[in-house]
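J.: mind folding the following:
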Amino acid sequence: MRLREAGLLNALRARRADVRDLGDVDVGPPRRFRDPESGLLTQESLIAATTSVHAAVVACLAAGEFPLVLGGDCAVLLGALRGAQDALCDAALVFVDGHEDAWPPHRSATGRAADCELGLALSGADGLPAELSVRVPTLDPTRIVALGPRDDMELRSAGVASIGSTIALLPDRDLRGKAAVPTDIAVGRFHRRGVAWWLHVDLDVLSAEAMPAVDYPQPGGLDWPDLTAITAAATRSGCAGMTSTTYNPDLDADGRHARRIVGYLADVLSVTPEMA
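T.: Numbers count the residues shown, from 1 in each chain. Predicted coordinates:
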C-alpha cells in the first residue's frame with residue numbers, strides 16, 4: 001500500500017506507541033461481473049472484503065483499540081460500521097464524503113458498492129444475498145450526519161432522489177471555514193444520547209486542487225484545514241473508529257499526496273478518543 005510506503009506507520013508511532021498494523025484484508029476474487037439480482041459489481045469480492053473488515057473491527061474493539069481502516073473505495077465502510085455496531089451493540093455514523101453514496105444499485109452506472117453503501121445501510125440491505133446482508137450495517141436516519149456531499153446536480157439529472165430530506169446533511173458550501181462547529185454539534189447529540197459513532201472520511205470531500213488523486217473529482221469541495229477541523233471534532237470521546245478511502249495511487253506519481261494524507265492522519269489521530 002502506498003500509504004505504508006509513504007511512512008504511515010512510522011508517522012503514527014512517532015505520536016503514540018500502541019499502533020499496530022493488522023495487514024491487508026481478504027478481498028476475494030475480483031471478478032468483474034454485475035450480479036443481476038443485487039445490481040452490484042464484483043459481489044463475491046465485496047462479500048469477502050466486508051466479512052474480513054467486520055471481523056478485524058470487532059477484534060480491535062474487543063481489545064479496546066481504535067481501528068483505522070484504509071481502503072480504495074467506500075465499500076469498506078459496510079464491514080467496518082457493522083463491526084462497530086456488533087461490538088458495541090449500537091453505533092451512529094459521521095459520514096464525510098463528496099457524494100451521498102445512496103444510489104439504488106440497479107440505477108448506478110457502475111454497479112460499484114461505493115456508489116451505494118450509505119443507501120444500503122438505510123434500506124436494510126434489501127435485495128442483497130444473505131451472506132452479504134448479515135454484514136451490512138443498519139442505520140436509523142437519526143443516527144447519521146453527512147458532511148460535504150456536493151453531487152446534488154448529478155442526482156437530479158439522473159432522477160435519483162437525494163437523501164438530504166431523510167438525514168442530517170450539510171453540503172460543502174455550508175462547511176467551508178467553519179467546519180468544526182456543525183461537526184461538534186452533530187457528534188454532541190450522539191454523545192448526549194450515549195451512542196458511539198463511526199467516522200467515515202472519503203477524501204473526495206476535498207477539492208480537486210487539494211486532493212486530485214481520487215477517482216471522482218467534482219467542482220467545489222473542502223480544503224485540508226476544513227477536513228482536519230471536521231476530523232478533530234469527530235474523533236472526540238465516543239468515536240469508535242475511522243475509515244479513510246478513495247485515495248488512488250495511480251494518480252499520484254511522485255507520492256506527494258500520499259505524504260499529505262499521512263501527515264493528516266498522524267495529526268488527527270495523535271490522541272485517539274476514549275470510549276465513553
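J.: neighbours of Asp97, just the number please.
T.: 25 (other CB atoms under 10 Å). No exception for glycine: its C-beta is placed from N, CA and C like everyone else's.
J.: which strand residues bridge the closest residue to it other than its chain neighbours?
T.: Nearest non-adjacent residue to Asp97, counting by CB to CB, 6 or more residues apart in numbering: Asp202, 4.0 Å away. Beta bridges link Asp202 to Thr245 when assigned by DSSP bridges.
J.: relative to Arg150, how far out is Asp202?
T.: Using CB to CB, to the nearest Å, we find Asp202 at a distance of 12 Å from Arg150.
J.: again, but for Val187
T.: 21 Å.
J.: again, but for Leu175
T.: Counting by CB to CB - Leu175 and Arg150 are separated by 10 Å.
J.: intersection of neighbour lists for these two?
T.: Common contact partners of Leu175 and Arg150 (CB atoms under 8 Å, 6 or more residues apart in numbering): none.
J.: tell me the contacts of the residue nearest to Asp97?
T.: 74, 96-99, 101, 245-246.
J.: out of these, who's nearest Ala234?
T.: Val96 (7.6 Å; CB to CB).
J.: in this structure that closest one contacts Leu147, no?
T.: Yes - counting by CB atoms under 8 Å, Val96 touches Leu147, with 4.9 Å between them.
J.: who touches both of the two?
T.: What both Val96 and Leu147 touch, as defined by CB under 8 Å, 6+ apart, is the set 205, 230.
J.: hey, where'd the helices end up in the stretch 101-250 of the chain?
T.: Assigned by DSSP state H, counting those that start in this stretch, the helices in the stretch 101-250 of the chain fall at 117-123, 130-133, 152-158, 180-192, 224-234.
J.: among those helices, which comes closest to Leu170?
T.: Nearest of the helices of the stretch 101-250 of the chain (CB to CB): helix 180-192, 5.6 Å.
J.: which stretches of the stretch 1-150 of the chain aren't confidently modelled?
T.: For the stretch 1-150 of the chain, no stretch has pLDDT under 70.
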